[in-house]
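S.K.: Build the 3D model from these lines:
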Amino acid sequence: MLVAEFDVVVVGGGHAGIEAAHAAWKLGVKTAMLTMDVNAIGRMSCNPAVGGVAKGQIVRDIDALGGLMGLLTDKAGIQFRMLNMSKGPAVWGPRAQCDMKYYSEVARDTILSLEGLSVIQGELAAFDRMVDGRLELTLLDGSRCITRALVIASGTFLASKMFTGLETSIGGRVGEPSADKLSECLAREHIALRRLKTGTPSRLDPDSIDFNECDVQHGDASPWPMSDRHLKLADGMPDDRFWGDTAAHFVRNDCVCWITRTNIKTHDILRSGFKDSPMFSGRIHGKGPRYCPSIEDKINRFGDRDGHQLFLEPEQADIGRVYINGFSSSLPADIQLAAIHTIPGLTRARVLQIGYAVEYDSVDATQLYPTFECKNVPGLYFAGQVCGTSGYEEAAGQGLLAGINAALKIKGEAPFILGRSDSYLGVMADDLSNILLDEPYRMFTSRAEYRLFLRSDNAEMRLKERAREIGMISDEDYADWKRRRELMDEARRRLAEESALPEQANVVLESGGQALASERTRWINVLRRPGIDPELFFRTALPDMPLTRRDQWFLYAEEIYAGFFDRQAREIDDQKKMESVRLPEDLDFMQISAISIESRQRLNSHRPLTLGQASRVPGVRPADITVLAHWLENRP
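M.R.: Numbering: from 1, shown residues only. Sure, this is the predicted structure:
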C-alpha cells in the first residue's frame, strides 16, 4: 500500500533525526520523519547532558544556523556550567545538565507542532532506487512511500546487540528493537558497514545514595544559556528572549551534581570480572570510543592509577534516577554492583538499571560527501551515530547539515558546505568524509586548527549570514542579530576613540592584577590587557550600552587574539579560495596525466566536491593539487 510521496524522509527521531527533519521542513520541502516510536523522539539514551568542551561549540554552531538543540537544551536544562574557564575563551565549553524526560517531551512536542511535517511511526525495512532517481521505501508492515531524498539517522540501532557480562540481547537501547532489515538493505546496496561499540553506566536510586560522602558540584552563579534566539517551541510555551543577561533569568540552574571516586578495592572487583567481559573475551568485535572508555577499559589501560573520578548526575529535575558518569560498563551485573558498593557515597546504592554495551553497524563515512550524501547512491544521506560518531552534539550537527543539503538538492540549489575555518561542524564533516576511522569519532578542540576563530562566543558572527542566505533564519531572529551586531560595531568604535582617566582604567586593571595606569589611555588598550574581567570592563567603560554578556566576551576575545588572527588570516583566505573552486561532479581524474597515478586513483575514489577537499584527501600530494588547480584554470 502506497502511503504518500515526500521530498525528504528522515529515518530516526534522535538528535540527528530531529535536526534533519526540522531543517528540511524549515527550507520548505515536503518532509516526513519515520521513527519506530513517536514517544522516543529526542530520547537521551546515555548521559543527561548537552555540551561540553568542543561539543558546546557545536551546539552554538547549530543554534547560529537555525537548529533546535540549543533551544531545547535551554528549555530542559537544570544546571548550566561553562567548562574550561581557567583557560582562554577559545576553548571554553558551555554545558547543561538536562531533565532528560522533559528534553524528550519538548523535542517531541516541537516536532509534532511543525505544521506540514509528517511524523510516521514505523520501521524502514528496505529502499529501492527507481528509474527516475527517486527512492521507494518499504516499511516493516508492508506499507510504502516514495521520496526524492532519504536521510538515515538510525543511531545505534542497525543490527544492534546489547551486552552485560555473558548475557546478550537484541536491541539498540533497553526495551527497543534492532533495525536488522535496514542493515541488510544497506549491505545489498554495497554500502560498506563496520561494527562499533558504545556503552552506558548503571542508573541508581537517589534515595540509596549517601550524598554527604560526595563533593557537591553547583552550576555557574551566572549561567550561560546555549541559545541566543527567541524561545519559540510548541504551543503553550513562553516566548521569551533567550539571549544575553536576560537569558540567565529564564534557564533553570538550581540542580546540583556530585563527585566521588573509585579506589583500589573497586578496581580489584572489576578485574575479577574481566574473564566474563564481552569486550575482553572477543564477543564484542566493534571498537568503542577511546576518549569515553568503559570503566573496565580504564582499569585495564591505566592499571597504575589508584582511582578514577566519577560524576553523579540527576536525570531529572526531581532527581528520579542518578547517572554514574564515568562508570560505563558491560561487566556482569553482580560484578558491577559489588564494585559500585565500594565507592564513597554508593555503599548502599540500589541499581535501577544495570550498565550495558551496545554493538551496532555503522557506515564508513568516507563513502559520503561533506554534505553527508552517499557518493554511490544519489539522494541518500546519513547522519549521526550511524556515521561512526559518538555524542548527541555531533549527531545533531550532522543531522542539521544532512537535512539542509537534502532540501537544497530538492530545490535545485547549491550544496551547503562549511569549511574547517567556518565552524566545528565544518571540521567534523571534513574529517568524517576524508579519514577512515577505526573507532567512534568525538569532537575535540584539538581537531580544529583554527580553534581561536571557532569560539562559542562568535558562532553567530561566523554563521548567521550564511544561514540567512539559505533560509534557515527567520526575519525576526535576523533583525535581532543585526541590532546586536550594530551595537557591537558601535561599541568597538567608541572604545577606539574614547579615553579613560587613570582612576577609571585602574578599576578594571586592579581587579585583574594588572599594572595600573598613570595617564589617560584609550579604552581599547585597556581591553587588550590579559586577565581583566570583561564584564567589569564594559560596566565601567560603556555603562550606557546594553551589550549582552556573550557579546562583551566576544569583543574581548577579538582583541586578545588579534595578533594570532593576523598571522592566520592569509592561510584562511587561501583555504577559502580553494573551497570556492568547485570540481565537476563527473570529473575523471585519470585523464589528468600530469597528476601522479596514486593521487588520481585516490581522488577518483573520494570524488571531492571542491579543490579544498581534494587537498585534504589522504595520500594526495601538494604538488598534484597545484597541477589540478592549473588544469582547472586552463581546461577547455
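S.K.: lowest-pLDDT helix or strand in the chain?
M.R.: helix 244-247 (a mean of 48; mean pLDDT, DSSP states H and E).
S.K.: Just give me the longest strand of the chain.
M.R.: Looking across the chain with DSSP state E, the single longest strand is strand 193-204.
S.K.: Poorly predicted segments of the stretch 251-400 of the chain, please.
M.R.: Residues of the stretch 251-400 of the chain that meet the criterion pLDDT under 70 lie in 291.
S.K.: residues touching Lys409, list them.
M.R.: By CB atoms under 8 Å, 6 or more residues apart in numbering, the contact set of Lys409 is Ala149, Glu373, Gly379, Pro415. Backbone N, C-alpha and C define where each C-beta goes, glycine included.
S.K.: do the same with Leu150
M.R.: Shown in contact with Leu150 (CB under 8 Å, 6+ apart): Val8, Val9, Val11, Phe127, Leu135, Leu137, Gly379, Leu380, Tyr381.
S.K.: Just the buried ones from these?
M.R.: The neighbour count (16 or more other CB atoms under 10 Å) marks Val8, Val9, Val11, Phe127, Leu135, Leu137, Gly379, Leu380, Tyr381 as buried among the contacts of Leu150.
S.K.: so the fifth one touches Val151, yeah?
M.R.: By that I understand Leu135. No. With contact defined as CB atoms under 8 Å, Leu135 does not reach Val151; the gap is 11.0 Å.
S.K.: Show me which positions of stretch 166-181 end up buried.
M.R.: Gly171, Gly172, Arg173, Glu176, Ser178, Ala179, Asp180, Lys181.
S.K.: Closest one of these to Asp477?
M.R.: Arg173 (34.1 Å; CB to CB).
S.K.: The closest one and Cys46 touch, don't they?
M.R.: No. Counting by CB under 8 Å, Arg173 sits too far from Cys46 to count as a contact (9.3 Å).
S.K.: so what's Leu196 bridging to?
M.R.: Leu196 forms beta bridges with Lys287, Tyr360, as assigned by DSSP bridges.
S.K.: could you measure it against Ser281, distance?
M.R.: Distance, Leu196 to Ser281, using CB to CB, to the nearest Å: 18 Å.
S.K.: One more: Ala396?
M.R.: The span separating Ala396 from Ser281 equals 34 Å under the rule CB to CB.
S.K.: Look at those two and report which has more neighbours.
M.R.: Ala396 (32 against 12; other CB atoms under 10 Å).
S.K.: you'd agree the more buried one is up against His15?
M.R.: Yes. Counting by CB under 8 Å, Ala396 touches His15, with 4.2 Å between them.
S.K.: Quick check: neighbours shared by those two?
M.R.: Shared contacts of Ala396 and His15, counting by CB under 8 Å, 6+ apart, come down to Met69, Gly384.
S.K.: returning to what we had before: of the contacts of Lys409, which is the most crowded?
M.R.: Result: Ala149 is most packed of those (other CB under 10 Å), 28 neighbours.
S.K.: In a strand, it, correct?
M.R.: Yes. Remark: Ala149 belongs to a strand, assigned using DSSP: H, G, I helix; E, B strand; the rest coil.
S.K.: so who does it touch?
M.R.: Counting by CB under 8 Å, 6+ apart, Ala149 makes contact with Asp7, Val8, Val9, Leu135, Gly379, Leu380, Tyr381, Ala406, Ala407, Lys409, Ile410.
S.K.: Repeat the analysis, applying 7 Å as the threshold.
M.R.: Contact analysis of Ala149 by CB atoms under 7 Å, 6 or more residues apart in numbering lists Asp7, Val8, Gly379, Tyr381, Ala406, Lys409, Ile410.
S.K.: and if you look at Phe589?
M.R.: Ile595, Arg600, Leu603, Asn604.
S.K.: now Lys464
M.R.: Ala64, Ile473, Trp481.
S.K.: so the first one touches Glu460, yeah?
M.R.: Which is Ala64. Yes. Between Ala64 and Glu460 a contact is recorded at 4.6 Å, counting by CB atoms under 7 Å.
S.K.: Nearest to Asn84, out of the contacts of Leu150: which one, please.
M.R.: Within those, proximity to Asn84 (CB to CB) peaks at Tyr381, which comes in at 33.1 Å.
S.K.: okay but the closest one is in contact with Ala402, surely?
M.R.: Yes. Because the distance of 4.3 Å satisfies CB under 7 Å, Tyr381 is recorded as touching Ala402.
S.K.: what residues are shared contacts of those two?
M.R.: Among the neighbours of Tyr381, those also in contact with Ala402 (CB under 7 Å, 6+ apart) are Val151, Phe372.
S.K.: what about the strands in the stretch 1-150 of the chain?
M.R.: Assigned by DSSP state E, counting those that start in this stretch, the strands in the stretch 1-150 of the chain fall at 2-11, 31-35, 49-51, 77-83, 93-98, 118-121, 124-129, 135-139, 144-152.
S.K.: could those strands be laid out in TSV, adding distance to Arg570 and mean pLDDT?
M.R.: Formatted as TSV, those follow (distance: least, CB to CB, whole Å; pLDDT from 0 to 100):
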stretch	distance to Arg570	mean pLDDT
strand 2-11	40	91
strand 31-35	42	97
strand 49-51	33	96
strand 77-83	32	96
strand 93-98	29	96
strand 118-121	49	96
strand 124-129	45	94
strand 135-139	44	96
strand 144-152	37	97
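S.K.: Domain ranges for this structure, per the record?
M.R.: Annotated domains of the chain cover 2-197+363-470, 204-359, 475-564, 581-634 [automatic domain parsing].
S.K.: for the longest helix seen in the chain, which positions count as buried?
M.R.: Ordering each helix of the chain by length in residues (DSSP state H) puts helix 475-497 first. Buried residues in helix 475-497, counted by 16+ other CB under 10 Å: Asp477, Asp480, Trp481, Arg484, Leu487, Met488, Ala491, Leu495.
S.K.: hmm, which two among the residues you listed are most spread apart?
M.R.: Farthest apart among these by CB to CB are Asp477 and Leu495. That separation is 27.0 Å.
S.K.: What ranges does the stretch 251-400 of the chain have for its helices?
M.R.: Remark: helices assigned in the stretch 251-400 of the chain by DSSP state H, counting those that start in this stretch are 264-272, 295-301, 333-340, 392-410.
S.K.: gap between the second one and the chain center?
M.R.: Same thing as helix 295-301. For helix 295-301, the separation from the chain centroid amounts to 26 Å (computed by CA atoms, centre = their mean, to the nearest Å).
S.K.: Does anything pack onto that helix? Which helices or strands?
M.R.: Packing partners of helix 295-301 (3 or more CB pairs under 7 Å, 6 or more residues apart in numbering; DSSP states H and E): helix 264-272.
S.K.: ok, and what's touching the helix it packs on?
M.R.: Ile295, Glu296, Ile299, Asp306, Leu331, Ile335, Ala338, Ala339, Thr342, Ile343.
S.K.: in it, what's buried?
M.R.: Those would be Thr266, His267, Ile269, Leu270, Arg271, for helix 264-272 by 16+ other CB under 10 Å.
S.K.: Equivalent analysis for stretch 497-509, please.
M.R.: Buried residues in stretch 497-509, defined by neighbour count with 16+ other CB under 10 Å: Ala500, Gln504, Ala505, Asn506, Val508, Leu509.
S.K.: go on, stretch 255-263?
M.R.: In stretch 255-263, counting by 16+ other CB under 10 Å, buried: Cys255, Val256, Cys257, Trp258, Ile259, Thr260, Arg261, Thr262.
S.K.: Once you drop chain neighbours, what's closest to Arg616?
M.R.: Closest residue to Arg616 apart from its sequence neighbours, by CB to CB, 6 or more residues apart in numbering: Asn434 at 5.4 Å.
S.K.: Contacts only, for the residue positioned nearest the centre of the chain.
M.R.: For the chain, Glu393 is the residue whose C-alpha lies nearest the centre (CA atoms, centre = their mean; 2.2 Å). By CB under 7 Å, 6+ apart, the residues touching Glu393 are Val50, Gly51, Lys55, Ile58, Val59.
S.K.: Nice, that's everything, thank you.
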